[in-house]
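Engineer: this is the structure alone, sequence omitted:
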Ligand SMILES: Cc1cc2nc3c(=O)[nH]c(=O)nc-3n(C[C@H](O)[C@H](O)[C@H](O)COP(=O)(O)O)c2cc1C
């Protein structure tokens, strides 16, 4: 049982990377093998239909193979201007083409998000779910989100609040159960 985990943030010191790492720990504790993909290191160009399908960069070929090799995707996204970042949309658009080779079809997805603001990335989550569903993913209901992220984590990267830690563990558990069902 394998999951691919990545965040839609390119920012050094990202809150979403921190939240992703906490969720990955929980998944691994439940026996899920997690492949953590580094978005920033991939250094992807903007998707250009004139050239990108025929000549994709090696990092994109690698990302698509990782999606294909996983039963599900754990995606942590920031909120940018009431949606998710353009860089993440570019990644999803790029990887979805050519449509005959769309690697997202049938994958279970679980959504996370962290923001230093009060809104918990909820608007980004709605838009991300819409796109993931359009790509043929089975989106896990709900999302685990963190507001006021600058105060939410301790120095080890764990969530400080016990109830929040339990909620994350429950969310990760639901994702692991869904992965098990779909891996049979
Ligand atoms: C272009 C831009 C737009 C943003 N818009 C929002 C927003 O709509 N809602 C929000 O909660 N935070 C917004 N933020 C603040 C981000 O939540 C903040 O930069 C956060 O640290 C991004 O996540 P990261 O730390 O994982 O990179 C915005 C930041 C940028 C750069």
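Structural biologist: Received, thanks. Keep in mind the model is a prediction, meaning the values are calculated, not measured.
Engineer: run a quick neighbour tally on residue 52.
Structural biologist: By other CB atoms under 10 Å, 18 other residues sit near residue 52. From N, CA and C alone the C-beta is placed, and that goes for glycine too.
Engineer: which one is residue 56 nearest to, not counting chain neighbours?
Structural biologist: In space, and not counting its chain neighbours, residue 56 is closest to residue 94: 7.5 Å by CB to CB, 6 or more residues apart in numbering.
Engineer: should've said residue 159
Structural biologist: Distances taken as CB to CB, 6+ apart place residue 165 nearest to residue 159, at 4.8 Å, with adjacent residues excluded.
Engineer: packing partners for the strand or helix carrying that neighbour?
Structural biologist: Following DSSP states H and E, one finds residue 165 within helix 162-183. In terms of contacts (3 or more CB pairs under 8 Å, 6 or more residues apart in numbering; DSSP states H and E), helix 162-183 is packed against helix 15-29, strand 72-76, strand 108-114, strand 144-146.
Engineer: what does that helix rub up against?
Structural biologist: In this structure, residues lying in contact with helix 162-183 by CB atoms under 8 Å, 6 or more residues apart in numbering are 1, 3, 22-23, 26-27, 30-32, 71-72, 74, 106, 108, 110, 138, 140, 142, 144, 146, 152, 158-159.
Engineer: for the protein, which residues are neighbours of the ligand?
Structural biologist: By CB under 6 Å from any ligand atom, the part of the chain that sits against the ligand consists of 9, 11, 14-16, 78-82, 114-117, 119.
Engineer: give me that answer again for 8 Å
Structural biologist: Taking CB under 8 Å from any ligand atom as the contact definition, the chain meets the ligand at 7-11, 13-19, 76, 78-83, 85, 114-121, 123-124, 147, 149.
Engineer: need the residue closest to the centroid of the protein.
Structural biologist: Geometric centre of the chain, nearest residue: residue 75, 0.9 Å, by CA atoms, centre = their mean.
Engineer: now do the same contact list for the nearest residue to that one once chain neighbours are set aside.
Structural biologist: Distances taken as CB to CB, 6+ apart place residue 111 nearest to residue 75, at 5.7 Å, with adjacent residues excluded. The contact partners of residue 111, by CB under 8 Å, 6+ apart, come to 75-77, 125, 128-129, 132, 139-140, 143-144.
Engineer: repeat for residue 117
Structural biologist: Contacts of residue 117 were listed using CB under 8 Å, 6+ apart, and they are 79, 147-148.
Engineer: again, only this time at 7 Å
Structural biologist: Under the criterion of CB atoms under 7 Å, 6 or more residues apart in numbering, the neighbours of residue 117 are residue 147.
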